[in-house]
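Visitor: I'll drop the sequence and a predicted model, then ask my questions.
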Amino acid sequence: MRNFKSINKHEVSELLPGYNCGICGYARCEEFAGAILKKYITLEKCRFLLQEIYAENLTILKSTLKEENTNCGR
């Protein structure tokens, strides 16, 4: 696992499928990534991210965001 001070919107959006489909309620995956970081929405709102092909990305995002939330409380 990598060391980081803070994850940013670009890093989150790189782990998203990138279809910009709007199913989650946001027009672009980058907007969705920003909403995730602000805790406006959950990762599970991206239907594509729940597919087997993106399972590793989902695991990485959940782990990274969990660490980010833990580090914010310190």
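Guide: Nice, thanks for sending it over.

Visitor: quick one: contacts of stretch 41-55?
Guide: 16-17, 19, 21, 23-26, 29, 32, 35-36, 57-58, 61-62, 65 (CB atoms under 8 Å, 6 or more residues apart in numbering). Where C-beta positions appear, they are placed from N, C-alpha and C, glycine not excepted.

Visitor: low-confidence stretches in this structure?
Guide: For the chain, the stretches flagged by pLDDT under 70 are 1-5, 71-74.

Visitor: grab the longest helix from it for me.
Guide: Longest helix in the chain by number of residues (criterion: DSSP state H): helix 55-72.

Visitor: how far off centre is it?
Guide: 8 Å (CA atoms, centre = their mean, to the nearest Å).

Visitor: same check on stretch 39-54?
Guide: The answer for stretch 39-54 is 8 Å, by CA atoms, centre = their mean.

Visitor: next up, the contacts around Cys21.
Guide: Phe48.

Visitor: neighbours around the closest residue to Val12 other than its chain neighbours, how many?
Guide: Using CB to CB, 6 or more residues apart in numbering and skipping the chain neighbours, the partner closest in space to Val12 is Ala33 (3.8 Å). Number of residues near Ala33 (other CB atoms under 10 Å) recorded here: 24.

Visitor: what helix or strand is Ala33 located in?
Guide: In this assignment (DSSP states H and E), Ala33 forms part of helix 29-37.

Visitor: just checking, what packs against that helix?
Guide: helix 9-15 (3 or more CB pairs under 8 Å, 6 or more residues apart in numbering; DSSP states H and E).

Visitor: what residues sit buried inside the helix it packs on?
Guide: Lys9, Val12, Ser13, Leu15 (16 or more other CB atoms under 10 Å).

Visitor: I'd say the third one and Glu30 touch.
Guide: Yes. Contact criterion CB atoms under 8 Å: Ser13 and Glu30 qualify, at 4.5 Å.
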